[in-house]
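*Asks:* model the following, please.
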Amino acid sequence: MFNKTNSPSGAASPSKTPAPTMAPRATSSAAPSILGRDIVITGDIKTDGDVQIDGRLDGNVTAGTVTIGEQGAVNGTITAQNVHVRGKVTGKVNSITVELAETANVQADLTQDQLMIANGAFFDGKCARKSTSPTPIKAAKKSA
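*Replies:* Sure thing, here's the model as predicted:
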């Protein structure tokens, strides 16, 4: 589109250097994508990396780790390996680990393997474990 012209005729010459290629992002060492306080997104977010939401998202998010900041809000479904909530979530959460901080306000149904709720967090919804219990619970015997 934009090329440097070295010829006196003014014709654009093709670039001789190959286009740089992007290396795949490593999710553990890469910086998270951060949505600032003043950002409002209507739509879905999908990434293999990590996302920190300090603004508002009206839609679904799929990521490796999702962190909702104290001023952040998500209205939709969160699907991730790890979810840390310090702000507001309305909808559904599907994750291996869900952590609700003391400032969390969650009105959502949770599906997780590990759930941590700090003292003071607000949670209104259902929670279900993804995997079955490692040791089945047996019914107590009734004595006559």
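*Asks:* spatially central, which residue of the protein would that be?
*Replies:* Val66 (2.8 Å; Cα atoms, centre = their mean).
*Asks:* tell me what that residue is bridged to.
*Replies:* Val51, Val83 (DSSP bridges).
*Asks:* residue contacts, it?
*Replies:* By Cβ atoms under 8 Å, 6 or more residues apart in numbering, the residues touching Val66 are Asp50, Val51, Gln52, Ile53, Ile78, Ala80, Asn82, Val83, His84, Ser95. To be clear about C-beta, it is placed using only N, CA and C from the backbone, and glycine gets the same treatment.
*Asks:* identify the farthest-apart pair in the residues you listed.
*Replies:* Within those, two members stand farthest from each other by Cβ to Cβ: Gln52 and Ser95, at 15.2 Å.
*Asks:* mind listing what's buried along the lowest-mean-pLDDT helix or strand in the chain?
*Replies:* Ranking every helix and strand in the chain by mean pLDDT, DSSP states H and E puts strand 33-35 at the bottom, with a mean of 89. Residues of strand 33-35 classed as buried by neighbour count (16 or more other Cβ atoms under 10 Å): Leu35.
*Asks:* for the next helix or strand after that strand, which strands pair with it and how are they oriented?
*Replies:* Once strand 33-35 ends, the next helix or strand along the chain (criterion: DSSP states H and E) is strand 40-42. Partner strands and pairing direction for strand 40-42 (DSSP bridges) are strand 56-58 (parallel).
*Asks:* mind checking how far stretch 71-81 is from the chain centre?
*Replies:* Offset of stretch 71-81 from its chain centre (Cα atoms, centre = their mean, to the nearest Å): 6 Å.
*Asks:* again with stretch 113-130
*Replies:* That offset, for stretch 113-130, works out to 17 Å (Cα atoms, centre = their mean).
*Asks:* what distance do you get for Gln81 to Thr42?
*Replies:* 25 Å (Cβ to Cβ, to the nearest Å).
*Asks:* er, Pro32 actually
*Replies:* 21 Å.
*Asks:* and for Phe122?
*Replies:* Using Cβ to Cβ, Phe122 is found at 25 Å from Thr42.
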